[in-house]
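A.B. asks: sequence? don't have it. structure:
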């Protein structure tokens, strides 16, 4: 039985709003090291986006190399295969390749090329061994493919998609030629498959954008497992063996309720025996006040005052806080008010959003018998105000509007 942990989209060096995530990544990596031992894992597949940016901070690089060193020290028979993602610098991932291969870590940061420009199939196809040392599978380790990596394919409905198909076909055919009796054929990729569910607030569009989502039939039926990265929601696409594990950490406030995980994959010869999600413990919570809907401004003090006091808790472990408020009119100092109310509370304010109690009607609906060019400036302003706010606009604001209109008129005259 070949045991694999499939993970992706670590985004080391990520910040949530202005807050660094080093503490959360450290806790995740410590947990992952324990998982590798607890489940007697033979192979760790990391399907791209190791880092948040192509030029990650030193703290992220240190976390990466420390994890690899500890994984190899604690689990000397573990093999690690890493491909680059669209956030990663292929050259940065590949640079220490010779050193990492001595530690049983195979890195394919960018599509590898041999002399003459052909794909270096010796690097793109990686054998996977069980704890006994016997090779049990071959994996086509294809990193994120940029348009410049793709061959020109004439006659296809979409040149980009057909170029990706050609790359996978070549690497998979090379992997098939290396298969021994009873061995499994796997593929890795960092891409967006058609039908995959996006986490819109935290995923960057790849290749030619979402209009170039790749078809699942890139991966033929003889594959035992396809280990993908890029989508931050854990999901299966098309067939049970084509999987995204999702990101191990929430990368936006919208991912508050996702069950972040890695996948434990078990292969019995060439047969996919089982895939088990292993939920990643949440090191730092995301709080929303109120949990649903919006809070009237009058209720802010009580709701925020009920949050836990600091009481010596380290700041890196404080929850992130999103506050949603319903207002009757503009409140320019709202964030500063919220920050003052949070003094002494063990939370980190990430976002304050406001909604308003206006009609929400578009101007043509609000003035069905008049066109905008028939209305005066103040009338248009009052209609816009009514769309978002209750009541009449303040006299001081109307005065400022008229001053601005007079100033513009004088400048036009000049």
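C.D. replies: Yep, that arrived. Since the model is a prediction, treat every value here as computed from it, not as a measurement.
A.B. asks: Tell me what residue 321 is bridged to.
C.D. replies: residue 287, residue 349 (DSSP bridges).
A.B. asks: looking at it, it is touching residue 349, isn't it?
C.D. replies: Yes: contact criterion C-beta atoms under 8 Å: residue 321 and residue 349 qualify, at 5.2 Å. Every C-beta, even on glycine, is put in place using the N, C-alpha and C of the backbone.
A.B. asks: okay, the two: which has more neighbours?
C.D. replies: residue 321 (23 against 20; other C-beta atoms under 10 Å).
A.B. asks: check contacts around residue 79.
C.D. replies: 42, 43, 44, 104, 105, 106, 128, 129 (C-beta atoms under 8 Å, 6 or more residues apart in numbering).
A.B. asks: thought the second one was touching residue 3?
C.D. replies: Translated: residue 43. Yes: here residue 43 reaches residue 3: they are 7.4 Å apart, a contact under C-beta under 8 Å.
A.B. asks: Looking at those two, which is more packed in?
C.D. replies: More crowded of residue 43 and residue 3, by other C-beta under 10 Å: residue 43, with 26 against 19.
A.B. asks: Relative to residue 149, how far out is that one?
C.D. replies: 25 Å (C-beta to C-beta, to the nearest Å).
A.B. asks: what residue ranges in the stretch 1-150 of the chain score low on pLDDT?
C.D. replies: Applying pLDDT under 70 to the stretch 1-150 of the chain picks out no residues at all.
A.B. asks: quick one, strands of it?
C.D. replies: For the stretch 1-150 of the chain, strands defined by DSSP state E, counting those that start in this stretch occupy the ranges 2-7, 15-16, 19-20, 43-47, 79-83, 105-108, 125-129, 135-141.
A.B. asks: for these, which one sits closest to residue 62?
C.D. replies: strand 19-20 (13.0 Å; C-beta to C-beta).
A.B. asks: next one: that closest one to chain centre, how far?
C.D. replies: 16 Å (C-alpha atoms, centre = their mean, to the nearest Å).
A.B. asks: same question, stretch 316-329
C.D. replies: Counting by C-alpha atoms, centre = their mean, stretch 316-329 comes out at 22 Å from the chain centroid.
A.B. asks: Which parts of the stretch 201-350 of the chain are helices?
C.D. replies: Ranges of helices in the stretch 201-350 of the chain, per DSSP state H, counting those that start in this stretch, are 300-305, 334-341.
A.B. asks: on that earlier part again, could I get the contacts of residue 79 in JSON lines, plus columns for distance to residue 231?
C.D. replies: Output for the contacts of residue 79, formatted as JSON lines (distance: C-beta to C-beta, whole Å):
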{"residue": "42", "distance to residue 231": "25"}
{"residue": "43", "distance to residue 231": "22"}
{"residue": "44", "distance to residue 231": "20"}
{"residue": "104", "distance to residue 231": "28"}
{"residue": "105", "distance to residue 231": "25"}
{"residue": "106", "distance to residue 231": "23"}
{"residue": "128", "distance to residue 231": "24"}
{"residue": "129", "distance to residue 231": "29"}
